[in-house]
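In: Sequence and predicted structure below; questions after.
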Amino acid sequence: MSRYAQVIVDLTSEKVDRAFTYRVPDGLDLVSGQRVLVPFGPRRIEGIVIGLADETGVASDKIRSVEKALESEPAVLPELMRLAEWMRENCHCTLASALRLMIPAQLRGARVKVKTEQVAEIAVLPERLREAEKQLSRAPKQAEVFRRVAAAGSLEAAVLRQEIPGADGALRALAGKGLIRLRRVESLRRPYGAIDGRRREDPVLTGEQQAAADELIGAMETGGGRFLLRGVTGSGKTEVYIRCVRHALAQGKGAIVLVPEIALTPQMVEWFRARFGEGAAVLHSRLSPGERYDEWRRIRRGEARVVVGARSAAFAPVENLGILIIDEEHESTYQSDSNPRYDVRDAARARCGAAGAVLLLGSATPSIGSYMRTMPGVRPENRFRLLELNRRINGRPLPQVDIVDMSRELQSGNHSVFSAKAQQALKSCLERGEQAILLMNRRGYATFVSCRACGYVERCSACDVSMTYHQWDHTLKCHYCGEERKAPDKCPSCGSPFIRYFGSGTQKVEEEAARLLPQARIVRMDMDTTRGKDAHEKILTAFRNGEYDILVGTQMIAKGLDFPNVTLVCVVAADMTLNLPDYRSPERTFQLLTQVAGRAGRAEKTGRVIVQTYMPDAYAIRMAARQDYRAFYQAESTYRRRGLYPPFTVLARLLVTGPTPEETKSAAQELELRLSAFLNESALRQSVVQMRALEAPIARLKGESRWQVFIKTYARGKTDLILEEMERMARGAGGDVRVELEVNPTNMF
Ligand code: ADP
Ligand code: ZN
Ligand code: ZN
C-alpha cells in the first residue's frame, strides 16, 4: 500500500497539465490507472492515478488526501496509459484530454448508472416447496407466481410481470412471507439485441486471400508488423480480417477492427456478430450512453475480446492486443479535427508497436501517403508491407465503365441531369427487375439561387457562402452553419420574378429520375434523410430487400456495402469533387468513383457504371474508370512531388477567428511576423517552402471573420520544431481572437 499517489486531474487546461501529489488514506489500496475523487482548490474533481510512491518531495502540510476510489478496478490499462503519454508528445495535447479518449464519457461525471434488474429467487429449501405451495392455496395469483419462480429457480421480475398480470403485488406478498427473495443484479444493455441462430461458417479462402492471411498470421506469431492490404472492390478483404481475428483469439489475444462510420457499414457489424457472437462488442457514437458504457465494460472485463467500432474504438481497453485492423483506411473520418487532433493510423501504430501487435490497413484505394510507405527506400521503422488482392471473388468481372462527356449532351440539346446513355441504361436496368444507384455528391436541390435580371445571389448572412436550395420545403439552407430561410419568389434586390436555380443536388436528381421513370420506387439517402437514430440502416436495409428500385445518395452510399441486385451505378456529376480548391481533390475523386463503381455487379450479374463529367480526360476519372490504382498512384505521386504537396511536405495553418475583419487580420499579420522571427532566430528557414498570412477561403463563418497564417514545410525538414512553436503561439493568443493550429487538416476552408 503506497502512501502517495500521482494524479492527473480531469481538467484539460494547459495550466494543470501535470501530475498532482495526494496522500493515500489508510486502508485504501490504489493502483495505477484507477479513477479517484480528489479535492482541488475549492472543488472535488475526478482524476486518474498515474503513479504511486512511498516518498514525496512535496511538503507534508501542502498535501491533501485522495477522497475515494471511484471503482475498484483501474479504468485505464497500463498500455493505454503509455499511449496517452505518446499522444501528449505527438499530438500536442494535454495528458488529461488524451486520457479522456481512453474512458467512455459516461464514466466521467457518473452520468450513467450501472443498470440493474430485479430478480426473484426461491427462498425455501426444496423439501419445503410443497408445504409452501399448500400455504398459498387461497391466494391463487401468489401460488401461480411461486410455481413459476420455483420452476425456474430464479427469474427476472420483468419477465414475470409480462407473463402474469398483477405479478407485482404477488411478488411483494411472497417476499413478505419469506417464500421468495427479491434482489437487484447488474445487467448489461445490448445494442444489437440477441443474435439469431444464423451463425455463419467461414468460407474457404481463395488463393490470394489465403496468401495474405498466411503472411499476417505469420507476423502475429512473431511479434507484430505493419501491413497495407490493397484489394480491389469485391475481393473479399473482410474474410482476411476475420481469419486474422480468429487467430488472435486462438492465441488468447484480442482484436480491434475500425470502420469509417458504423452507421454506413452495418454489414461489418453483422458479419462480425454472426461469426464471433457475444465475443464481439460494438462501439460507436450512435449507441445510447448506457449501451456504450456497457459495451465498454464488457471489453474491459475481457468478456468481449473482439471490438468493432469507429475511430475512438482504437482506444478500447482490449488487453493483450493481437491485431488492429483499419478498414477503408483512406477515409478522412480517421483523422480527428478537434482537440485532441490526431490521425488514428498514427495512434494505432504506436499502440501496436508497444503491444507487439499487427497493424493492418485495408482499402481498395489506399491513401497516397499510406501506399507510399510500402515503397522501397522508406525507412524500416516507417515501412508497411504491401499485400494485394487483385481479383474479385469467384472471378466476377469488374464492372464496365463508360465515361460520358456532358458538354456534348448540352450541345445536342439534352438539358436533363441524365445523359442519353444513362437514361437508356436506367430504363433497361429497371425493366430487368434490377436495381440502380445514382450518386450525386451534393445534397439539396440547387447549388445556388440567382436573379436573371440583376445577377443577385442569395448568400448566408453569417457565412461567406451561397445558400443551397432545398425544394421539398422550399427553403434556402447554409450547409456550413445551418441558417435557413424561405426561398424568395422575387429577387430581394431588384424585385424581378425571374429567380433561377443553378447546379443540382440529390433532390433534383431524385425528382428527374421520378419524371423519367414514373413507376420506379426511389429512395434518397443524404444528410437530410438520415437524421434519426437508425435512419441509415433502415434505408439501406429496405433497398437491399428490394423495396426500392433506385437509391439516390451522396458519398455516404459509397462505403463498404454489398448490394447483390445492383447492376447499374450512375455518377451524375463526377466533377463535383474534382473542382474543389484542394490538392487532394484528384485523390478524393478517384476514391469515390472507384468505391461507388465497386457497388455494381457484385453478385452473379455483371454491372455497368456510367460516369458523367465535363472533364472526361482528367486522369483521376480515366483511371478510376479502369480501376487502375497503380497508374493513378504513379500520376498522383508525380503531381504531389512536383507541386510540393503532402506527403512530401506538411501543410499547416494557424486559423485566426475574430469578431471583425480588421482585428482578425492584424492578429494574423502579427503572428506571421513572430513566426518569421522565430524561423530566423532558430535557423529553420530552409525547412520552409512557403509562409503567408492571408484571408481564409471562407472569410466569414457563423458571423466571425477568418484569417490564416499558412505554412508549407518539407516533410524531411525540422517540421516538428516549427509546429511546436506554432502550438505555443496558438495557446498564447489572447484578446478577442481565437487561434487554432491545424496540421494537414482534412478541410481547409
Ligand atoms: P471487399 O471488402 O474486398 O470489397 P467483401 O469483403 O465485401 O469485399 O467481399 C465481397 C463478397 O465476397 C462478400 O459477399 C463476401 O461474403 C464474399 N466472399 C469473400 N470471400 C469469400 C470466399 N473465400 N468464398 C466465397 N465468398 C467470399
Ligand atoms: Zn434581381
Ligand atoms: Zn452560414
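Out: On my side now, so go ahead. Ligands and ions are numbered 1, 2, ... in the order given.
In: Backbone dihedrals for the closest residue to residue 268 other than its chain neighbours, both of them.
Out: In space, residue 268 comes closest to residue 259 once its chain neighbours are excluded; the distance is 5.1 Å by C-beta to C-beta, 6 or more residues apart in numbering. No exception for glycine: its C-beta is placed from N, CA and C like everyone else's. The phi and psi values for residue 259, taken as degrees, to the nearest 10, are phi -120, psi 150.
In: What's the separation between residue 259 and ligand 2?
Out: 48 Å (C-beta to the ion, to the nearest Å).
In: Make residue 1 into 617 and carry on from there
Out: In the new numbering, first residue 617, that becomes residue 875.
In: tell me, how many neighbours does that residue end up with?
Out: 28 (other C-beta atoms under 10 Å).
In: OK, contacts around it?
Out: By C-beta atoms under 8 Å, 6 or more residues apart in numbering, the residues touching residue 875 are 881, 884, 924-926, 943-944, 1176.
In: ok, it to residue 945 distance?
Out: Per C-beta to C-beta, to the nearest Å, residue 875 is found 11 Å from residue 945.
In: Same check on residue 1044?
Out: Distance of residue 1044 to residue 945, given as C-beta to C-beta: 37 Å.
In: Of the two, give the one with the bigger neighbour count.
Out: Counted by other C-beta under 10 Å, residue 1044 and residue 945 do not tie: residue 945 has more neighbours, with 25 against 13.
In: what's in contact with stretch 1106-1113?
Out: Residues outside stretch 1106-1113 that contact it (C-beta under 8 Å, 6+ apart) are 1067-1070, 1072, 1074, 1105, 1114-1115.
In: Tell me where the stretch 667-816 of the chain is predicted with low confidence.
Out: 725-730, 803-816 (pLDDT under 70).
In: Now do the helices in it.
Out: Under the criterion DSSP state H, counting those that start in this stretch, the stretch 667-816 of the chain contains helices at 694-706, 711-716, 745-751, 756-768, 773-779, 783-792.
In: Just the buried residues of the fifth one, please?
Out: Within helix 773-779, the residues that qualify as buried by neighbour count (16 or more other C-beta atoms under 10 Å) are 773, 776.
In: is any part of the longest strand along the chain close to ligand 3?
Out: Counting residues, the longest strand found in the chain (DSSP state E) is strand 1304-1317. No - using C-beta under 5 Å from the ion, strand 1304-1317 never reaches ligand 3; the gap is at least 7.0 Å.
In: Indicate the residue of the stretch 667-816 of the chain located nearest to ligand 2.
Out: residue 708 (49.0 Å; C-beta to the ion).
In: From residue 1132, how far off is the spatially closest residue to that residue that is not a sequence neighbour?
Out: Using C-beta to C-beta, 6+ apart and skipping the chain neighbours, the partner closest in space to residue 708 is residue 1343 (4.7 Å). Distance of residue 1343 to residue 1132, computed by C-beta to C-beta: 54 Å.
In: just residue 1232 next, same as before
Out: According to C-beta to C-beta, residue 1232 and residue 1132 sit 23 Å apart.
In: The residue lying closest to residue 1162 once chain neighbours are set aside and ligand 1, how far apart?
Out: Using C-beta to C-beta, 6+ apart and skipping residues adjacent in sequence, the residue nearest residue 1162 is residue 1181, 6.6 Å away. Distance of residue 1181 to ligand 1, given as C-beta to the nearest ligand atom, to the nearest Å: 13 Å.
In: hang on, isn't residue 1181 packed against residue 1219?
Out: Yes - shown here, residue 1181 and residue 1219 form a contact pair, counting by C-beta atoms under 8 Å, at 7.2 Å.
In: In the stretch 1017-1166 of the chain, what residue comes closest to ligand 1?
Out: Nearest residue of the stretch 1017-1166 of the chain to ligand 1, counting by C-beta to the nearest ligand atom: residue 1160, 12.0 Å away.
In: if I look at the residue lying closest to that residue once chain neighbours are set aside, how far off is residue 1055?
Out: Leaving aside its chain neighbours, residue 1160 sits nearest to residue 1179 (5.9 Å; criterion: C-beta to C-beta, 6+ apart). As judged by C-beta to C-beta, residue 1179 and residue 1055 stand 13 Å apart.
In: quick one: which of these two has more around it?
Out: Neighbours were counted for residue 1179 and for residue 1055 using other C-beta under 10 Å; residue 1055 has more, 30 against 20.
In: Show me the beta-bridge partners of that one.
Out: Taking DSSP bridges as the rule, residue 1055 bridges to residue 1169, residue 1187.
In: In contact with it, which residues?
Out: 1169-1171, 1173-1174, 1185-1188, 1208, 1212.
In: which other helices and strands contact the lowest-mean-pLDDT helix or strand in the chain?
Out: Least confident helix or strand of the chain, by mean pLDDT, DSSP states H and E, is helix 1191-1194 with a mean of 76. Secondary-structure packing of helix 1191-1194 (3 or more C-beta pairs under 8 Å, 6 or more residues apart in numbering; DSSP states H and E): helix 1201-1213.
In: Would the helix it packs on count as contacting ligand 1?
Out: No - remark: helix 1201-1213 sits outside contact range of ligand 1, by C-beta under 6 Å from any ligand atom, the gap being at least 9.0 Å.
In: helix/strand/coil for residue 1361?
Out: With DSSP: H, G, I helix; E, B strand; the rest coil as the basis, residue 1361 sits in coil.
In: who touches it in this structure?
Out: Going by C-beta under 8 Å, 6+ apart, residue 1361 touches 953, 1267, 1269.
In: Try it again at 10 Å.
Out: 948, 951, 953, 957, 1267-1269, 1271 (C-beta atoms under 10 Å, 6 or more residues apart in numbering).
In: Also residue 863?
Out: Applying C-beta under 10 Å, 6+ apart, we find residue 863 in contact with 829, 832-834, 836-837, 869, 871, 938-939, 974.
In: one more time with 7 Å
Out: Contact analysis of residue 863 by C-beta atoms under 7 Å, 6 or more residues apart in numbering lists 833, 836.
In: Mind listing what's buried along the helix or strand harbouring residue 1152?
Out: Using DSSP states H and E, residue 1152 falls within helix 1151-1160. Buried residues in helix 1151-1160, counted by 16+ other C-beta under 10 Å: 1152-1153, 1155-1156, 1159-1160.
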